[in-house]
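Participant: My questions are about this predicted structure, shown below with the sequence.
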2 protein chains.
Amino acid sequence: MAKDFPTREENFSQWYNDLVLKADLAENSAVRGCMVIKPYGYAIWEKMQAVLDKMFKDTGHVNAYFPIFIPKSFFSKEASHVEGFAKECAVVTHYRLKNSPDGKGVIVDEDAKLEEELIIRPTSETIIWDTYKNWIQSYRDLPLLINQWANVVRWEMRTRLFLRTAEFLWQEGHTAHATQQEAFDETLTILDLYAEFAEQWMAVPVVKGVKTASERFAGAIDTFAIEALMQDGKALQSGTSHFLGQNFAKAFDVKFLNKENQLEYVWATSWGVSTRLIGALIMAHSDDNGLVLPPKLAPIQVVIVPIFKDGDQLAMISEQVIPIKKQLEEKGISVKYDNRDTHKPGWKFAEYEFKGVPVRLTIGPRDLEKGTVEVARRDTLEKSVVPLTEIANHVVDLLDDIQQNLFNRNLLFREKNTINVNTWEEFVDVIENKGGFANAHWDGTSETEEKIKELTKATIRVIPLDNPKEDGSCILSGKPSSERVLFARAY
Amino acid sequence: MAKDFPTREENFSQWYNDLVLKADLAENSAVRGCMVIKPYGYAIWEKMQAVLDKMFKDTGHVNAYFPIFIPKSFFSKEASHVEGFAKECAVVTHYRLKNSPDGKGVIVDEDAKLEEELIIRPTSETIIWDTYKNWIQSYRDLPLLINQWANVVRWEMRTRLFLRTAEFLWQEGHTAHATQQEAFDETLTILDLYAEFAEQWMAVPVVKGVKTASERFAGAIDTFAIEALMQDGKALQSGTSHFLGQNFAKAFDVKFLNKENQLEYVWATSWGVSTRLIGALIMAHSDDNGLVLPPKLAPIQVVIVPIFKDGDQLAMISEQVIPIKKQLEEKGISVKYDNRDTHKPGWKFAEYEFKGVPVRLTIGPRDLEKGTVEVARRDTLEKSVVPLTEIANHVVDLLDDIQQNLFNRNLLFREKNTINVNTWEEFVDVIENKGGFANAHWDGTSETEEKIKELTKATIRVIPLDNPKEDGSCILSGKPSSERVLFARAY
C-alpha cells in the first residue's frame, strides 16, 4: 500500500482520484465515463442502502421497479423536463446485431430499427407518471409512496469516479398526493431524512435549503437540497428533494376523484441520493494517509493484527483474540482478524490505515504477558494501551467517539469556512483564495446569479431553510436584498 | 378482489397472467416487453434477495458493480458467446437528442453517433473478464468470488410477466480460480445453494442436473441447472451455474503466475437466478382462489382481521390484538392488523386470501367472550379456533407447517408426474396428454434431441446429477443408451 500519491495540499483532485483507485473503491471501465464499483467500494454503498432503505420504510415508503427504457416522446411531455434531461443521454435505436459480411465480428442489423427510439432513464419521472396514470383514480388510491433502487445514465462529458459518471446507482422516490400541502410536507420530510443520514451516519454536516430557479430540477416547482463542504472548500450537493406540484400530473394527465367527487390533478414529489455520496464521504474525512471512514458506514469497523514469530505464538494470541472478536461481533461490530503469515504486521498496519478501518487492535507476546492490547484509532492516529478485560466495552465507546469526532471536526471546518462577506472584493477573495461558503446578499435575479457564476465560477448552493432575514445590498449589483444566500464553487 | 379470472384447469396461461395482474405483483409497461414490478411483487423479490445475498456472503462471496454497457466488439471475443447473446439485444448508437426542427419534440442528433455501438448487458461475462484482466496477476489474487445484483436486457419477442421479459432483474456471480477443480467445485457449490434456496425457502422441489450440449450456456464447458415442475406439467429452469473452463480467460487474455511461477489461464464460473423465480413461486403453489405464498417469502405472513360494529367493539378487540401482534413480531413474523372501517370483513378475507397471506386471524366480539381467535390457513383453506393465550406459539408452528406442506405437496406432485417411459408412444402420451417429466432413454446425440423437440416440443431438461446407470434403448432412434434423462416441455 504505497503512499505514492499527492497530499491534499499538493493536488486535491489527484489525491481524491488516486485514493479511490488505490483503496480499491472503484475504477474506470472500458466504457467511457462508466465506473466499476469494486467490492470494497460497493460494501460502503450496501451499508448506505441498508440504512436509507430502512429510513424510507419507517416513513411508510415501499420499493418497486420501473423499466430502464423511456420512449423518446415521453420526455417532450413536460416542457422544462425535456430541456434538462433529454439531451445528453444514451439512445437505443436498434434491437439486433448480425454477423458481419466480412466475417469479422458483429454489426448492427439495420432491419431491426426501433419505430421509436428508447432513452436509458436519466431519471424516471416520465415513465413512472405514465404508469401512475393507471394506478390512481380516487383519493383512496393516494398517497403513493414509492421508491426505486436503480441505475441511471447521463452522458456526462467530463467524469470523475463517484462524483460524476455516465452510469451511476441511486434511489429515486416518486410520491403522489391528494393535496399540495401533503406533497410539500413529504418533500421536507425527505429533506430531513437525508440530512439525518448525512449527519448521523456519514458524519457530514449539511446545510438544508432551497435552490434558486436556475439550479432547480427540470420540471420542479421547488428543489430542496442538502449541501456539504469538502476539505478543499468546494461544496457538494449530496441529495435533492423536489416539490413537483402538478407538473407531471398535467403532462401525463393523472387526475383523481377527490372526497367532494371532483376531478383534480395529483400532486407530486421526487427525491434521490446516489453513489455520489461515496465521493462525499471520501472527500469529507480522508487524509494524506488514506481513507478515513466513519464507523457507522465502514465495511470493517475493527481489525485485529497479531504480532507473532511462529505458530505457537500465534496460537496463544488467537486464544485471546477469538473470544474478543466474538464479544465484539455480538455487539453488532464487524471485525476482521488478519492472522495471515504471508504479510508482515507493518504491511498490515499500512493497509488498514490506508483503507480507513476506524479501529486497529494489535496484540503481541508482550501484550499477552501484561494482559493488554494496543488500540489505534484511524481518525486521530492516536494509540493507547487497554487491559484485555476491558477491550470490548472500550471499542464500543471508541467507535462512538470516532463517529462523533469526525462529525465535530467537519462541523468546525464548515463553521470556519462559512464567511459573511459584504463587498465584491471580499466575495472574490473567499471564492478565489480561501474557498468555503461565502454568505452574501444577492438581489434575487437570475441575471445577477449568472453573472456571478461567469465571473467566479461560484453558484448559489442553497438559500438555507432557517435563514434569518437581514437587510443588505447585493454584492454584485448593489440592489436591495432581504437575506444572505450561500455561494460556493461546487462539484 | 373479484375472482373474474379462469381456473388453472380452464386456461393455465391466462390464470397465471391474470393472477400476476390482479394480485398487484407486476404489469406490462409502456415499453414493449418490459414490466413494472409493483410494490407487492417487489417485496417478494426483496425477500428473495436478502436470503440469497446472505447465502452468497456466507460462502465467501462479495458484491460489486460493473457497467451496464458492453462495447460491441467484446461479444465477438468468445466465439460461441456471440452466437448466444449478441443477437437479440438493445443497441445504443447515439448519445444525444436535439430539438426537432419542426418544433415538435426531440429527435436523435446524428452528430452524436458513437464510434462503437454499446450493447445493454444481456449477461456480463465479457465486461467482467475484461476487468478481471487487470485484477489478476498472481495466484495470490485468486480466487475472485464476486456477485452482482443488476438489471439485464434480452430482446425477447414473446414475453410473459416474470417468466420472460426484455428487461429483468437478477444476480450474476462471476468467479475466477487458479485450478480447474476449484472452479468446478464452485459451480456445484452454487448449484447446491440454489437448490437449497428453492426447496427450503420457495418450497419448490428441484432436480439438480447437467444440461446437454444444445441447452448449454453460450461459452460454457458445462451448464448445471435446477429444474422445477409447474402445476400444468411444464418444467421451469430456475437457476443455472456454469463451469466456463478457461474460455473467457482465453478470450480476454487473463493469465496468472501460479505457485510454480508459470503463466496459466484462469478458470471461471458464472451463475444466476432472476425475477423469473417469482413466476416459479406463483405457478408452483397458487390455486383458483389466488396466490399461495410460502411463509418464508411472504411479504405479510399473518393478517389480523377484527369483526366489529362500532368503535367501542374495535377498541376492545384491539386491546387483545395489539399484544398478540407485538408477540408475533418479536418472533420475527410480519403481521398486518387491518382495522380499517372502510372495508367489510368479507372483503378483507377475499383480499388476503387472493394475495396469498399464509395465515389469517379473525377476532370478533364472541371470540372476546370465549377468549379465542379463529385461525385460517391459506394453503388448505382450513379453519380452526385457538385460545388467545396459545395463539403466538400456534402461529409459529402453523407457519412452519404451511411451509413444509407446500413443499411436500409439490414433491408429491412431481413424483406422480415423473414417469419412466420406454416406448415412443408412451413418451408422446406423457408429453402431449399428461404433462410432467418423461424419464426416458436417449442415444446421446444432438440430432435425436433436436428431432424429439421438433416432433413434441419437449426438450431434455437435465441429466440428473445422481442418475442411476441403466442399459436401455433410445425412445426415438432405438440406439443403445446407458441412462435415462428428463424430458419435458418447458417455460
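Facilitator: Right, received. Where do you want to start?

Participant: how about low-confidence regions in the stretch 201-350 of chain A?
Facilitator: Under the criterion pLDDT under 70, no range of the stretch 201-350 of chain A is flagged.

Participant: list the contacts for whichever residue of it sits closest to chain B?
Facilitator: Closest approach between the stretch 201-350 of chain A and chain B, counting by CB to the nearest CB: A:T342, at 7.7 Å. Yep, even glycine has a C-beta here, placed from its N, CA and C like the rest. Listed by CB atoms under 8 Å, 6 or more residues apart in numbering or on different chains, the contact set of A:T342 reads B:R140.

Participant: secondary structure element for it?
Facilitator: Assigned by DSSP states H and E, A:T342 belongs to no helix or strand.

Participant: What does it show for phi and psi?
Facilitator: Backbone torsions of A:T342, given as degrees, to the nearest 10, read phi -90, psi -10.

Participant: A:V108 now?
Facilitator: phi -70, psi 130.

Participant: so who does it touch?
Facilitator: A:H94, A:R96, A:L97, A:K98, B:V91, B:T93, B:E117.

Participant: If we ignore the residues flanking it in sequence, what's nearest A:K479?
Facilitator: Setting aside the residues directly before and after it, A:K479 is nearest to A:D443 in space (CB to CB, 6 or more residues apart in numbering or on different chains), at 3.9 Å.

Participant: circling back to that earlier point, out of the contacts of A:V108, what pair is the most spread apart?
Facilitator: A:K98 and B:T93 (14.7 Å; CB to CB).

Participant: Which one's more surrounded, those two?
Facilitator: B:T93 (20 against 14; other CB atoms under 10 Å in any protein chain shown).

Participant: Quick one: classify the residue nearest to A:K479 as helix, strand or coil.
Facilitator: Put simply, A:D443 is coil when judged by DSSP: H, G, I helix; E, B strand; the rest coil.

Participant: mind listing the strands for the stretch 201-350 of chain A?
Facilitator: With DSSP state E, counting those that start in this stretch applied, the stretch 201-350 of chain A shows strands at A:207-210, A:222-229, A:235-245, A:255-257, A:263-265, A:267-274, A:302-306, A:335-337, listed in chain order.

Participant: Now do the helix of greatest length in chain A: which elements does it pack against?
Facilitator: Longest helix of chain A, by residue count under DSSP state H: helix A:391-416. Packing partners of helix A:391-416 (3 or more CB pairs under 8 Å, 6 or more residues apart in numbering or on different chains; DSSP states H and E): strand A:222-229, helix A:276-285, helix A:311-330, strand A:359-363, strand A:372-377.

Participant: Please state the mean pLDDT value computed over the last one.
Facilitator: Looking back up the chat, that one is strand A:372-377. The average pLDDT within strand A:372-377 is 98.

Participant: What strands flank that strand, and is each parallel or antiparallel?
Facilitator: Its sheet considered, strand A:372-377 pairs with strand A:359-363 (antiparallel), strand A:383-387 (antiparallel) by DSSP bridges.

Participant: contact partners of that strand?
Facilitator: Against strand A:372-377 from outside (CB under 8 Å, 6+ apart): A:324, A:349, A:358-363, A:367, A:382-388, A:391, A:394-395, A:398, A:401-402.

Participant: ditto for the longest one
Facilitator: Counting contacts by CB under 8 Å, 6+ apart, the residues outside helix A:311-330 that touch it are A:302, A:304, A:306-308, A:335, A:337, A:339, A:341, A:361, A:363-365, A:368, A:373, A:388, A:391-392, A:395-396.

Participant: For it, what is the distance to the chain centroid?
Facilitator: Distance of helix A:311-330 from the chain centroid (CA atoms, centre = their mean, to the nearest Å) equals 37 Å.

Participant: What's the separation between A:A268 and B:D24?
Facilitator: 21 Å (CB to CB, to the nearest Å).

Participant: So those two - more neighbours on which side?
Facilitator: A direct count of neighbours by other CB under 10 Å for A:A268 and B:D24 places A:A268 higher, at 29 against 15.

Participant: Could you export the strands paired with strand A:372-377 to TSV, including columns for mean neighbour count, mean pLDDT and distance to A:Q320?
Facilitator: Formatted as TSV, these follow (neighbours: other CB atoms under 10 Å in any protein chain shown; pLDDT from 0 to 100; distance: least, CB to CB, whole Å):
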stretch	mean neighbour count	mean pLDDT	distance to A:Q320
strand A:359-363	22	98	6
strand A:383-387	12	97	12
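
Participant: I'd like those strands as TSV, with distance to B:E450 appended.
Facilitator: Formatted as TSV, those follow (distance: least, CB to CB, whole Å):
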stretch	distance to B:E450
strand A:359-363	62
strand A:383-387	71
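
Participant: Minimum distance to B:P480: which of the ones you listed has it?
Facilitator: Among the strands paired with strand A:372-377, the nearest to B:P480 by CB to CB is strand A:359-363 (66.6 Å).
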